[in-house]
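*Asks:* Sequence and predicted model, in that order:
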Amino acid sequence: MLFGLPSAGRKWPGGVRAAVAFGIPASIAWLLGHQDAVLLVVAGSFAVIYGEGKPYRARWRVVSTAGAALVTSVFVGASAGTVEVAMVPVLVLSLVAAIAVYVVAALRIGIPGAFFFVLVCAVSSYLPSAHISPTTAAAWAAAGAVTAAVVSMTAMLWSPRAPERQAVAAAVTAVDSYLEDPSARRIAGSRLHAAWKAVYDAGLPGRSPRPALVETLFDAQHRFAAAMRTGDDLEPVSDTLPLDRPSVRYRLARSLDRRSHAVATSVRVFGAAVVAGGSAVALGLPRPDWAVLGAVLVLQQGPDRIHGSYRGLLRLGGTVLGVAVFAGLQLAPVHGAGVILVVMALQFFIEVSVPRNYGLAVVFITPLALTIGTLSHPDFSTGAVVVDRIVETFLGVAVAFAALWGAQRHAFRRALGWSDGRVLELSRRLTQCLSTSRPSDPVCMELRRDLQFELINSALAGAEAAHNDRRWTEARWGRHVEVDRLGYELLAHCAVGSEDVPGVASDDWLTRIDDLDSTRKQHERFDRGRESKPPGR
């Protein structure tokens, strides 16, 4: 399972870009006589990973933003490392982890997630002991980030539409597979969603006449929808495209609620990181940051208990193997240009494996992080490093498992109720808008976009609840399904009659919304009452 590689398209070009994004500034630093800086630029070069697969119109912004965040993490980590109190870097690192996890979860960035920001912050916290100042560390990381931004855009020169074309081709292939095999429905839906995201990032849907690539994807969407319908009473085909996702500001702001998945995940990560790092400090372990990294590695994506435990074991195995790879590299230590080549190889394999198997990626991330760590401990003992890093990682993963199963045990319940409530609230606002405006009017279009986004969030919350507590979820599933059905029916009503004013139907919609919201609130009151009772009563 650790070495499984599900299909994710061609990844070797991205691996080459990741290697080159590090290799260029590292080679320049080496030629200029800054040997210590060779390993510092890698922190910024991680930015290239965040742009892979994205259309070039959006890629430069994503990579530049990730690069700025990585450089900031380096500076913050190195600054914390100047304080001699051991718990200060732990607290700073835990805070960085909480913020990064929240942003990634709220924006639904997905892989590679928040881990690299926490990793570079952790490694940088030990640079002051090597007499490397926070400013120097951040400057060299910035060199890596700038190179990453440039390298990530190079393929645009000869294939400017490649990312969106690949996304649409993958969606069409997935839909064709679904038409032949109904079990492929989930993959087809996921690929369609990713393809629409890609064409919107490329700015294609707003063009007139409609580009051929959008028409191809739209046709696949209709074939997918028709295959899911039963009977002969199909509704008229609408010419309305699926809507784009909301703005970054909206996604960050709407998740600022204690019941949201993003906040719950961030709080759990912060608590586990503080406990793991604090325990390492109390036990006198040399690198408390590795205990923090072990906890973050398991919890960063906010998994349910079952998937989180499974992924935790895989990533623990990946860390142990990664430590073994580092030990193997020390049997034939390399210097100068050899170090650059080794790190380039690790960067290549990290990029190739991250989207397909994070546990396998950790096999390469670990020796890279340990190699950077040699800057602060040039006279290290390989045996001691191997033992200490494994012990610290086991501690972090153990704390993560305890947090996964023991902390915020009912967070998924609150997240489902909150998500369904968001769907109902936006459905109410959209219905009220439709009573006086056309579905195609700007205000209604914005509400339709936001409702579509919340429906996806509601589906994710339902899946998480089912994995965490099937019996409880079954008792709420009927309401949850009706909430989602109402939202999608309202969106379908807007799409089919985009120039009509529903008006007279608004009372019927509002009655359904109020009834479902009343049921949702009753369920929440019942759950709060049950949760407030002492165990065993």
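*Replies:* Looks like it came in fine.

*Asks:* from here on, contacts and neighbour counts on C-alpha atoms
*Replies:* Noted.

*Asks:* neighbours around R251, how many?
*Replies:* Burial of R251 is recorded as 18 neighbouring residues (other Cα atoms under 10 Å).

*Asks:* Looks like it contacts A106 (just checking).
*Replies:* Yes. R251 is within contact range of A106, at 5.9 Å (criterion: Cα atoms under 8 Å).

*Asks:* pLDDT value on P502, please?
*Replies:* If you check P502, the pLDDT there is 48.

*Asks:* which SSE is H307 in?
*Replies:* helix 305-331 (DSSP states H and E).

*Asks:* The helix or strand A272 falls within packs against which elements?
*Replies:* Using DSSP H and E, the element containing A272 is helix 261-282. Using 3 or more Cα pairs under 8 Å, 6 or more residues apart in numbering; DSSP states H and E, the elements in contact with helix 261-282 are helix 87-107, helix 288-299, helix 382-406, helix 411-434.

*Asks:* Identify the residues contacting the third one?
*Replies:* Residues outside helix 382-406 that contact it (Cα atoms under 8 Å, 6 or more residues apart in numbering) are 268, 272-273, 275-277, 280, 285-288, 290-296, 298-299, 304-305, 308-309, 312, 316, 319-320, 323-324, 327, 330.

*Asks:* which of those residues are buried?
*Replies:* The neighbour count (16 or more other Cα atoms under 10 Å) marks 268, 272-273, 275-277, 280, 285, 287-288, 290-296, 298-299, 304-305, 308-309, 312, 316, 319-320, 323-324, 327 as buried among these.

*Asks:* Tell me who's in contact with the spatially most central residue of the chain.
*Replies:* The residue lying closest to the centre of the chain (Cα atoms, centre = their mean) is G110, at 2.2 Å. Shown in contact with G110 (Cα under 8 Å, 6+ apart): 104, 301.

*Asks:* does G81 really touch L127, like I thought?
*Replies:* Yes. The pair G81 / L127 is scored as a contact, 7.2 Å apart, by Cα under 8 Å.

*Asks:* what mean pLDDT does stretch 220-236 have?
*Replies:* For stretch 220-236, the per-residue pLDDT averages 74.

*Asks:* buried sites along the helix or strand hosting H222?
*Replies:* Taking DSSP H and E as the definition, H222 sits inside helix 212-228. Using 16+ other Cα under 10 Å as the test for burial, helix 212-228 gives 213-214, 217-218, 220-221, 223-224.

*Asks:* can you check stretch 20-35 too?
*Replies:* Buried residues in stretch 20-35 (16+ other Cα under 10 Å): 20-27, 29-30, 35.

*Asks:* Tell me which of the residues you listed fall in helices.
*Replies:* 20-27, 29-30 (DSSP state H).

*Asks:* give me the element the closest residue to L430 other than its chain neighbours is part of.
*Replies:* In space, and not counting its chain neighbours, L430 is closest to L447: 5.8 Å by Cα to Cα, 6 or more residues apart in numbering. Using DSSP H and E, L447 sits in helix 442-468.

*Asks:* Can you spell out which helices and strands pack onto that helix?
*Replies:* Here helix 442-468 touches helix 305-331, helix 411-434, helix 470-496, going by 3+ Cα pairs under 8 Å, 6+ apart.

*Asks:* Find out how far the first one is from the centre of the chain, if you would.
*Replies:* This means helix 305-331. Computed by Cα atoms, centre = their mean, to the nearest Å, the chain-centroid distance of helix 305-331 equals 20 Å.
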